[in-house]
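> Return a 3D structure for these sequence lines:
(one chain, ligands or ions: 1)
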Amino acid sequence: VPERFETVEMANLDWKAAYNLLVSAIAPRPIAFVSTLGTSGVANLAPFSFFVAGGSNPPSLAYSPVLNGDGSEKDSLRNARETGEFVVNVVHREMAEGMNRASASLPSHLSEWDVSGFTTLPSSQVRPARVAESLVQFECRLFQVVEHGAGPGAARYVIGEVLVAHVAHELLRDGVIDGTVIRPIARMGGPNYVDTGAMELFQLQRPK
Ligand SMILES: Cc1cc2nc3c(=O)[nH]c(=O)nc-3n(C[C@H](O)[C@H](O)[C@H](O)COP(=O)(O)O)c2cc1C
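Residues are numbered from 1 along each chain as shown. Down below sits the predicted model:
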């Protein structure tokens with residue numbers, strides 16, 4: 001009988017190959033579009049598909065900004081750690097291109113808000129702004145950063161407590177979110193995404 005499985009010892013893969021394997025198999029992933037504020041006042045915006053809801057008592061979520069190729073920390077990690085605050089915005093199809101533009105690696109003193117084209121909306125309990133175009137925004141207070149590994153691709157789990165949720169009225173049926181109208185997009189491996197509104201795949205190339 002032919003062997004059905006290719007068995008991969010992960011220790012034999014470099015971090016990029018390990019990344020490709022994980023993100024192709026663990027899919028589709030929802031996207032946390034994370035708004036933070038640097039201590040110098042620069043507003044940062046970046047998408048993260050290493051994103052999960054946790055428990056609900058208290059309401060909890062986590063996203064993982066991995067360490068950069070040069071081993072440095074992403075702004076979304078440093079800002080969340082230094083200020084203890086962030087906002088997670090849910091992303092739907094009409095936001096996809098702007099969200100992708102915001103994933104460009106800009107120097108820390110420049111704001112992704114400017115290239116993304118999105119509109120800021122003040123938050124009620126934290127300082128980072130909400131994305132006005134997003135249909136659900138979660139204001140979060142940092143609970144803990146969990147560090148796993150060191151060097152390029154190492155995980156940093158930013159765990160937050162959800163303090164406030166803002167939900168567009170159009171999503172609500174009898175006061176709760178109608179799961180059939182929120183239609184978030186989700187990331188698959190490579191340039192592939194799924195639009196849960198149309199139930200179809202689409203592709204976006206990362207900006208240079
Ligand atoms: C849809 C999408 C999902 C992404 N998910 C992640 C992720 O989960 N973790 C990560 O470290 N980078 C992820 N990235 C890349 C970051 O958005 C990118 O590195 C960004 O420049 C980080 O910004 P910052 O340094 O301003 O925090 C993703 C990019 C896109 C387009």
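
> which helix is the longest one in the chain?
Secondary structure of the chain per DSSP state H: the longest helix is helix 15-25.

> So which residues make contact with that helix?
With contacts defined as Cβ atoms under 8 Å, 6 or more residues apart in numbering, helix 15-25 is touched by 8, 10, 13, 29, 49, 151-153, 187-190. Glycine gets a C-beta too; all of them are placed from N, C-alpha and C.

> and what of stretch 163-170?
Residues outside stretch 163-170 that contact it (Cβ under 8 Å, 6+ apart): 59, 123-126, 130, 135-141, 177, 181.

> Could you rerun that using 6 Å?
Residues outside stretch 163-170 that contact it (Cβ atoms under 6 Å, 6 or more residues apart in numbering): 124-125, 135-139, 141.

> same question for it, mean pLDDT?
Here stretch 163-170 scores 98 as its mean pLDDT.

> Over to stretch 199-208?
For stretch 199-208, the mean per-residue pLDDT is 95.

> what distance separates the start and the end of it?
Across stretch 199-208, the terminal residues are separated by 28 Å (Cα to Cα, to the nearest Å).

> Write the ChimeraX selection for whichever of the contacts of helix 15-25 are buried.
Selection of buried members from these for ChimeraX, criterion 16 or more other Cβ atoms under 10 Å:
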select :29,49,152,153,187,188,189
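
> near the ligand, from the contacts of helix 15-25?
49, 187 (Cβ under 6 Å from any ligand atom).

> quick one: which of the contacts of helix 15-25 is nearest to N68?
P152 (6.8 Å; Cβ to Cβ).

> Give the closest residue to that closest one in space, chain neighbours not counted.
G69 (4.9 Å; Cβ to Cβ, 6 or more residues apart in numbering).

> which bits of the protein sit near the ligand?
Residues of the chain lying near the ligand (Cβ under 6 Å from any ligand atom): 31, 44, 46-50, 64-66, 74-76, 100, 103, 105, 187, 206.

> I appreciate the help and will end here.
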